[in-house]
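Enquirer: Show me the folded form of this:
(2 chains)
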2 protein chains.
Amino acid sequence: MILKYCYGNPLETEAVIEKIRLTESVPAEDGVLPESGLDCLKMKEGGCGFTCSLSENDIVYGLGQQIRGINKRGWVYESWCSDDPDHTENKRSLYGVHNFLIIDGKECFGIFVDTPQRVRFDIGYTDRDILDVSMAANDYYLYLIKGDDPENIVKEFRRITGKSYIPPKWAFGYGQSRWSYRDEDEVREVVRRHRENNIPLDSVYLDIDYMERYKDFTVNEETFPDFAGFAEEMREQGIHLVPIIDAGVKIEEGYDIYEEGTEKGYFCRKEDGTYFTAGVWPGRVHFPDMLNDEAREWFGSKYKFLLDQGIEGFWNDMNEPAIFYSEDHLNEVFEQLEEYKDKNLDVNTFFEFQDLVRSIANNPEDYRSFYHQYKGEKIRHDKVHNLFGYYMTRAAGEAFERLMPEKRILMFSRSSYIGMHRYGGIWMGDNHSWWSHLLLNIHMLPSLNMCGFLYTGADLGGFGSDATEDLLMRWLELGIFTPLMRNHSASGTRRQEAYQFKKLESFAGIIGLRYGLLPYLYSEYMKAAIKDEMLFRPLSFVYRDDSQAKLVEDQLLVGESIMIAPVYEQNAQGRCVYLPEDMKMYRMRSLEDMDTEIMEKGYHYIQAKLDEVLMFIRPDHLVPVSSGGRCVEEVDENRLRVLGYIKDGAEYELYQDNGYEKDYNIQRHTSVIVLTPGGQLEETSCWKQMPDGMIVKK
Amino acid sequence: MILKYCYGNPLETEAVIEKIRLTESVPAEDGVLPESGLDCLKMKEGGCGFTCSLSENDIVYGLGQQIRGINKRGWVYESWCSDDPDHTENKRSLYGVHNFLIIDGKECFGIFVDTPQRVRFDIGYTDRDILDVSMAANDYYLYLIKGDDPENIVKEFRRITGKSYIPPKWAFGYGQSRWSYRDEDEVREVVRRHRENNIPLDSVYLDIDYMERYKDFTVNEETFPDFAGFAEEMREQGIHLVPIIDAGVKIEEGYDIYEEGTEKGYFCRKEDGTYFTAGVWPGRVHFPDMLNDEAREWFGSKYKFLLDQGIEGFWNDMNEPAIFYSEDHLNEVFEQLEEYKDKNLDVNTFFEFQDLVRSIANNPEDYRSFYHQYKGEKIRHDKVHNLFGYYMTRAAGEAFERLMPEKRILMFSRSSYIGMHRYGGIWMGDNHSWWSHLLLNIHMLPSLNMCGFLYTGADLGGFGSDATEDLLMRWLELGIFTPLMRNHSASGTRRQEAYQFKKLESFAGIIGLRYGLLPYLYSEYMKAAIKDEMLFRPLSFVYRDDSQAKLVEDQLLVGESIMIAPVYEQNAQGRCVYLPEDMKMYRMRSLEDMDTEIMEKGYHYIQAKLDEVLMFIRPDHLVPVSSGGRCVEEVDENRLRVLGYIKDGAEYELYQDNGYEKDYNIQRHTSVIVLTPGGQLEETSCWKQMPDGMIVKK
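Expert: Okay, here's the model as predicted:
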């Protein structure tokens, strides 16, 4: 059941695409919401937010891309798309905003606060027993979703917010990225060294350096003299190039996009009508008004420049939007800095001075100093801030629909808002080479899935700071399960392509597992996308009556058959794992090298050496596995091995398609694999068993 | 066996106080050290550091105050005393420098690199299988300590570096601190609210605000008009005031210490002979030359100002030394900033600009621009950098010896070097209210103990960032076992005195446990100090043949009887615990409220609600427990309860003394408590059993 309440004059974010009747929004005297039947949830006076009392063991799920655990209790979070690379425990905002929560207590219900302004979620921070939600302004829609359990609520929520984005199948391959790949030869070297070492690879990402002085939709002709030819050369090796696109357009006479945007009035303006100037990678830029339909269509159409050169995937960056500085504020700062010259700076004045300099980037005042044309109205940026990244990616998604209606184009974004999941995925932002961020990666997966973001993953090995061989390996052991599987790092950090380290065979083995698991992972992804389900689920979503399962935050279910328990501590040689039921453990070093053991329900310490991946299969569940390949194209999905834990017989619905077109009609592409209690394939119209144990498509 | 090698012309740090014969330092052709008998350890050419090959399962312990795990493998650490409050995984240096390592492999040996310059420990970072140690300059002593096992090696190392500092007994009580307690009334309020809520308390710390404009050895007469009287008033309530002392002396005409120091030439000078000017809390300061014997004696004598007012404890801060800015460099920066004015700052120039501002604090160039008089020679600061905090605390320690030869004075420092452990303890620096720092606290305890620092603890609840009730409570559950047990937080963060939260009874119960455990903890501390042993040991030090115990990094042995397994994850309601042998578990909520269970060797998931402390007693070990008190003075140590896990009978050697004098003659103060297999006290000359189960001193 979904109830929709309206307070003030909220802007339409187009997060929800289903028409839902408005419920009477005036709450009862004690604040209880009309028709809700929930005593714990109360509106504050005047509709300015609401509170919910929490019992000792209630769990609060959600918020998508955020710090801390799967259970969000015990912190205060703020919805404000932020470019902040240090995701430490004290932060309140990351790149994306996903105002969806599930309160799982005596009553179980979901809440979606739909407003593009700042929202504050105090989830047992001020008072452990109170959830307190408040907004910068009292203009918002509140959706209340009641259901039997969290999975149900997620499904309902996903139904009203629309189908999740589906990338091309090659985007499930391993990708290598680094901010600093300067030219064709460096990219060739990356590919060559993966191929030489039998480390599969499907894509190389091009960070800002491929552009001509960081200008969107340009290519540096010195370093990439024949971009289309180079893209073709890469494609022949099974490699897709994935260039980055930034939110800001460089101010430069003669640069067509700048000139066209200026002429047509497509950039965001200040109060006085002149264009707002921010500083980002290229120096001074204007921001295209992504919220203006016409400007958005115009910006989207620019992707054609790269699509025409054979590019099939993009990542949208800096679209919170990140502001290194604004021209106006920077000038003010320089003036104020004068005052500190020749002063005896003590604790107060010195910190003031430091704060002044720190205030230059992502300054709240700057976000109040430019405007959008949204649905015909002039609206100050801070009132729609959390939509900017969403609408930039929508620009691209809508353009792809026009330009290439049949073909799937890879698209993921740094900033996001619920609704954007229809147009692209996200990566988890600029993390660090920290073990704690490997754990954070685990925590974010189900939280993002709840909000519709299925195509996601973290920068494996970590973006900022220096990676170590063991960190990268452990992270890849999680990464082989995440749809976006990309190794990415920042300029100036230690090089962290797998081939930079010693254990080349182990890396090849672990990354190879991804290609073996591809038939299962792709099938599970597609079914989740089509049925509005989650790919990664907390144990508590599935084992509802298991009070122990509710507490597990470092294991996840991946699709219907698999539970993972990644090792995320340095120098560990195993870990404690909770099995909510008997399962079959696979300890895997490569597709060819794994051992198995049936393990009983309960806690176990399980050994997992540095190059060993733990995977658990649930009873009477199957995992079809290929023989791998150097890239997705090479994976033979018609010849499979079936892993599984058979007690009474099992069946698995395998979704398959060609992976490149948008026609994903589930009826046409689904086959069922049935195994008898003895573990033999029951022959169906589709599959038959071969003497070597493989099953092949008839 | 200890071997001492000498390379170049090392400075004497006085870390080692025992005379040790120099071994021939020219290594064999393959680099093997003379007399060492160790093939794995090899000098690099010319003595510029050494390498050690590591096998897959070798563990490297040590480095004292550092980030990451108990096993230091997998990172690169740099010895450089640093004021950096963000102890994230990518950092390489913290406040203290402790160049002592134990390699626990096929061979087990310790290494101490004795030099006050920068040292780099690449412990399997570049290559997982190589430990690589290199120095800024090849002037160092290398001590090689061979022994049967790590405990043995620690004992040997501690023997040559001298006895650990012993604080007064009241310093084992709970302390409340916060940067921002402004005046007498605020301190009174803190004390009152602890007393009102039955939360024991022994001390209130005074951060920089008690001084007159941050001038060392002054008291703000407006906010503390009668400091001696106020200290007396507090003492009557069982409270000790512990003021902070900073490294820098404010430049101010008329300020006696500044004038005296200038006149006598006791401050550090620049190359040209003028005094070096840095900016810290008070603005411009000079640094006393702590390495100069005369200046050190002079600075130490200044503590008398506060001792005379009844103060019995101090903490030395900012003594890396932290430099907010140097006068010279700041002027340069201001000039260079001009160049960025009106420029179109792109990625390169903008980051340059940011780096320029960031370069102001703790700039390496500044540390090369002033000099010390050390043992009669003029030495540039960077060459002795890591001694500064050590020698500041030594100034105090030596002064206390002169001024109050009988009395123990509490002293702990932020910066340190091995050797300083003879003069004071350390706190673990300016951590954050992060759960990961609770775990880091666990990791640092044994590492610091190895290096002689027994009196230590972290800022409970976290210094920077905002604490939550659950974090503080879980942290206190560890803190009740650490000798320094202090809740400390930064100005501007959420108030985190225990009484700020809801679960007052739980806080009273948990902190009360400390006072119950005091007889045991104090006894174990004193025995460890007297016998050069560790108070906190990793499981691997004790259960040498247990390969599982070697991997446990989140449990510790505390003294001879107790194992702790703190909960350090938010929203957890228990944790996995590894028992290396059968133990008796105490699940404690307060001294009056605990339940017990005998648990078998192996892994267990053990429930521990938010307000429950897990403590495990080893078989045939005892823990004498008092009935608590509001402060240490109130604890009746002559009437005890004995907790224990008796199989075949147990005895415990209880160290007791009056806790205030320096005469800790173990013979005089030790009594033995013996329990029969049936758990009854065997009557000795000292103790008899009472009908109520308590034992009392005859």
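Enquirer: got any ranges where the stretch 551-698 of chain A has weak pLDDT?
Expert: Residues of the stretch 551-698 of chain A meeting the criterion pLDDT under 70: A:665-668.
Enquirer: Enumerate the residues of it near chain B.
Expert: A:551, A:553, A:569-574, A:576, A:578, A:603-605 (CB under 8 Å from any CB of the partner chain). Every residue, glycine included, has its C-beta placed from N, CA and C.
Enquirer: that's a helix at residue A:229, yeah?
Expert: Yes - counting by DSSP: H, G, I helix; E, B strand; the rest coil, residue A:229 is found in a helix.
Enquirer: just so I have it, where are all the helices in the stretch 551-698 of chain A?
Expert: A:666-669 (DSSP state H, counting those that start in this stretch).
Enquirer: pretty sure residue A:391 contacts residue A:291?
Expert: Yes - Residue A:391 is within contact range of residue A:291, at 5.2 Å (criterion: CB atoms under 8 Å).
Enquirer: Look at these two and report which has more neighbours.
Expert: Comparing residue A:391 with residue A:291 by other CB atoms under 10 Å in any protein chain shown, the one with more neighbours is residue A:391, at 30 against 26.
Enquirer: helix or strand for the more buried one, which one?
Expert: For residue A:391, the host element (DSSP states H and E) is helix A:388-403.
Enquirer: before we move on, the earlier item: out of the residues of the stretch 551-698 of chain A next to chain B, list just those in strands.
Expert: With strands defined by DSSP state E, the entries of these inside them are A:574, A:576, A:578, A:603, A:604, A:605.
Enquirer: For the residues you listed, which PyMOL command selects only the ones that are buried?
Expert: When burial is assessed using 16 or more other CB atoms under 10 Å in any protein chain shown, the buried subset of those is captured in PyMOL by this command:
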select buried, chain A and resi 574+576+578+604
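Enquirer: contacting residues around residue A:327?
Expert: Contact analysis of residue A:327 by CB atoms under 8 Å, 6 or more residues apart in numbering or on different chains lists A:277, A:278, A:279, A:284.
Enquirer: With respect to residue B:19, which of those is nearest?
Expert: Of all the contacts of residue A:327, residue A:279 has the smallest distance to residue B:19: 62.6 Å, by CB to CB.
Enquirer: which SSE is the closest one in?
Expert: For residue A:279, the enclosing helix or strand under DSSP H and E is strand A:278-280.
Enquirer: Counting by contacts, list what that strand packs against.
Expert: Contacts defined by 3 or more CB pairs under 8 Å, 6 or more residues apart in numbering or on different chains; DSSP states H and E place strand A:278-280 against strand A:283-286, strand A:325-326, helix A:327-337.
Enquirer: Now render those as JSON lines, adding distance to residue B:335 and mean pLDDT.
Expert: Output for the helices and strands packed on strand A:278-280, formatted as JSON lines (distance: least, CB to CB, whole Å; pLDDT from 0 to 100):
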{"stretch": "strand A:283-286", "distance to residue B:335": "23", "mean pLDDT": "96"}
{"stretch": "strand A:325-326", "distance to residue B:335": "21", "mean pLDDT": "95"}
{"stretch": "helix A:327-337", "distance to residue B:335": "11", "mean pLDDT": "92"}
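Enquirer: export the ones you listed to JSON lines and tack on distance to residue A:417?
Expert: Shown next, in JSON lines, are the helices and strands packed on strand A:278-280 (distance: least, CB to CB, whole Å):
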{"stretch": "strand A:283-286", "distance to residue A:417": "22"}
{"stretch": "strand A:325-326", "distance to residue A:417": "23"}
{"stretch": "helix A:327-337", "distance to residue A:417": "25"}
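Enquirer: between these, which one is nearest to residue A:510?
Expert: Distances from residue A:510 to each of these were compared using CB to CB; the shortest belongs to strand A:283-286, at 40.4 Å.
Enquirer: By mean pLDDT, flag the weakest helix or strand of chain A.
Expert: Across the helices and strands of chain A, the lowest-confidence element by mean pLDDT, DSSP states H and E is helix A:666-669, at a mean of 59.
Enquirer: What sits closest to whatever residue of the stretch 301-450 of chain A ends up closest to chain B if chain neighbours are left out?
Expert: Among the residues of the stretch 301-450 of chain A, residue A:346 lies closest to chain B, at 3.6 Å counting by CB to the nearest CB. Here the nearest residue to residue A:346 in space, its sequence neighbours aside, is residue B:283; by CB to CB, 6 or more residues apart in numbering or on different chains that works out to 3.6 Å.
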